[in-house]
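In: Kindly generate the corresponding structure for this input.
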Amino acid sequence: MNLEKRHLKQLDWSILAILLAFGLFSYLGISGSADGVEKANMQLLWYAFGFVVLLVTLLFDFRIFHQTAYILYGIGIILLIGVLGTEEQYGATSWYKIGSINFQPSELMKLFTILAVARIMANQADNPDRYRSFYQLMPAGLLLAVPTLLILIQPDLGTAVVYCGMLATMLIVGGIRLRHVMYIGTLIGSFFVGMTFLYQYKRDIFHKIIKEYQWDRIVYWLNPDLEAMGRGFQLKQSLIAVGSGQLMGKGLNTSTQASYGWVPVGESDFIFTVIAEKMGFIGAGCLMILFFFLIYRMIRIAFETTDPFGSYVVSGVVGMLTFQVFENIGMTIQLMPITGLPLPFISYGGSSLLSNFLIMGVVLNIGMRKDTLRFD
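Out: As a prediction, this is how the structure comes out:
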């Protein structure tokens, strides 16, 4: 432990203020859902634990994560393999059940993957020829591919896509070549062309790759009215609730669609819908501004950090949070297909919240120690 006064002066207090504001939004959103105040009070308890985790993380120099990155990555892989043998919940084997608590290792693995990829990229930071050849991207790609495949097996497509967003951001910051972006874009484009061909002419093979329920999410995302009281119900009710909030919202103490249970999973996946209905465009807009400001502050830390490892870690976190916020909010207003991704710091859930606090602790730690002194 080497926390000193000069480190506290470098602490980004605005990020801590944003996290406190998130706690307020989280409480109001969860209490306005069908689950009500009981789960909202539990969320406050998780928030208290989260701040303890964050503060403990600040006590240690972030470079310890550089030294232990591969060890943590290995532990995370073991946890992801082990969870495949657990009892299925919500259609996936994604959680360890510890008493009354569900622990989702894929949340913690986000940080471990970022640390491992950041370390391998930092080792090449001083090499002017880094990423000149496509094969030089392979080590980072493999580090990401292993947990992504294990998460797809669970299956949890939404979380797996988040991992791809993390890697993309880190590679952009690391200086990936334009031609390599074109190669990857061509591969992705070819995949979609191939899937289109299979859908038209080999429907049985198509549905072996894309499960029926996954395809339904796309179909009823594009047109929820096809089954407004069936598979399009969740999105349809979300749109009605968001629209009914109008400018000022229906009020915190007013009974709403969300509080009566017409918005499924309102305490978690669709918590933005609850907030928009209760607080209107102004309340939902304020929440989005807080997310923008949080991401802006993290980008500042990434630019100002002199340590390449720290810069890559923060950029990975920026990619992770940006994608999750865009996907979660987007799916509630029909901009994106519905997935099981929670809204960071807002949705109910202990493992997700504590993992995010740990991640923010690492980011703040890097910001505190971004300037390496000669006698350090």
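In: which other helices and strands contact the host helix or strand of residue 197?
Out: For residue 197, the host element (DSSP states H and E) is helix 178-201. The contact analysis (3 or more C-beta pairs under 8 Å, 6 or more residues apart in numbering; DSSP states H and E) places helix 178-201 against helix 203-209. For the C-beta atoms, the positions are set from N, CA and C on the backbone; glycine is no exception.
In: got a list of what the most centrally placed residue in the chain touches?
Out: In the chain, the residue lying closest to the centroid (C-alpha atoms, centre = their mean) is residue 324, at 4.2 Å. Residues in contact with residue 324, defined by C-beta atoms under 8 Å, 6 or more residues apart in numbering, are 162, 341-344.
In: Could I have the buried ones of these as ChimeraX selection syntax?
Out: Listed next is the ChimeraX selection for buried residues among the contacts of residue 324, using 16 or more other C-beta atoms under 10 Å:
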select :162,341,342,343,344
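In: mind checking how far the residue lying closest to residue 353 once chain neighbours are set aside is from residue 53?
Out: Excluding the flanking residues, the one nearest residue 353 by C-beta to C-beta, 6 or more residues apart in numbering is residue 46, at 4.9 Å. Counting by C-beta to C-beta, to the nearest Å, the separation of residue 46 from residue 53 is 10 Å.
In: what do those two both touch?
Out: Shared contacts of residue 46 and residue 53 (C-beta under 8 Å, 6+ apart): residue 354.
In: State whether the residue nearest to the centre of the chain is indeed within a helix.
Out: Yes: counting by DSSP: H, G, I helix; E, B strand; the rest coil, residue 324 falls inside a helix.
In: what's the angle between the helix or strand hosting residue 161 and helix 178-201?
Out: Residue 161 belongs to helix 157-174 when assigned by DSSP H and E. With axes from the mean of the first three to the mean of the last three C-alpha atoms, to 10 degrees as the basis, helix 157-174 and helix 178-201 are set at 160 degrees to each other.
In: related to what we said a few turns ago, number of residues surrounding the residue nearest to residue 353?
Out: 18 (other C-beta atoms under 10 Å).
In: residues contacting it?
Out: Contacts of residue 46 by C-beta under 8 Å, 6+ apart are 349-350, 353-354.
In: And the furthest pair within those?
Out: By the measure C-beta to C-beta, 349 and 354 form the most distant pair in the contacts of residue 46, at 9.1 Å.
In: buried ones in the lengthiest helix in the chain?
Out: The longest helix of the chain (DSSP state H) is helix 271-304. Neighbour counts over helix 271-304 (16+ other C-beta under 10 Å) mark 271-280, 283-284, 287, 290-291, 294-295, 297-298, 301-302 as buried.
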